[in-house]
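generate coordinates for the sequence data below:
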Amino acid sequence: MKKVVVFGECMVELVSKQGDTLHKGFAGDTYNTAIYLNRCAANVSVSYLTALGDDFLSSELLARMSEEGINSEYVLRSEDHNLGSHTNLPKNNHRNIGKYNKLRVNGDDG
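Alright, predicted model coming up:
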């Protein structure tokens, strides 16, 4: 079996689908590459190398990686950082994107 290690950034993505409702997902070019490589390539073991926070969203991302069959043994965790977020809010039929590296949790200004 061939082994591939994909490295890069993954973030939580919040997308406005309808009104005030946001859909939560995980995305990023390298993360998407790892997911689809694992789904489509037979006889390939896919690992992901990145650094994540020690927050609940980072833990959800690790669970999702496991569900997708992605090896996360090369994922580093940091107590000093949170998972970055990417918000996609459509405005006048155009994407209005904001990117944040720190999430405010429980009033913490981070």
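
how close does Ala42 sit to Met1?
9 Å (C-beta to C-beta, to the nearest Å). C-beta coordinates here come from the backbone N, C-alpha and C atoms, glycine included.

mind listing the strands the helix or strand containing Leu14 pairs with, and their directions?
Secondary structure assignment for Leu14, by DSSP states H and E: strand 11-18. Using DSSP bridges, strand 11-18 pairs in its sheet with strand 21-27 (antiparallel), strand 85-91 (parallel).

of all the ones you listed, which one is nearest Ser59?
Across the strands paired with strand 11-18, Ser59 has its closest neighbour in strand 21-27 (11.8 Å, C-beta to C-beta).

which of the strands paired with strand 11-18 has the lowest average pLDDT?
Per-segment mean pLDDT for those reaches its minimum on strand 85-91, at a mean of 75.

that older thread, of the strands paired with strand 11-18, which is nearest Glu79?
strand 85-91 (18.3 Å).

sorry, back to before: so can I have a markdown table of the strands paired with strand 11-18 showing mean neighbour count and distance to Val15?
Formatted as a markdown table, those follow (neighbours: other C-beta atoms under 10 Å; distance: least, C-beta to C-beta, whole Å):
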| stretch | mean neighbour count | distance to Val15 |
| --- | --- | --- |
| strand 21-27 | 13 | 5 |
| strand 85-91 | 14 | 5 |
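
in the protein, which strand is the longest?
strand 44-53 (DSSP state E).

pull the helix or strand with minimum mean pLDDT from the chain.
Lowest by mean pLDDT, DSSP states H and E among the helices and strands of the chain is strand 94-100, with a mean of 60.

all set now, cheers.
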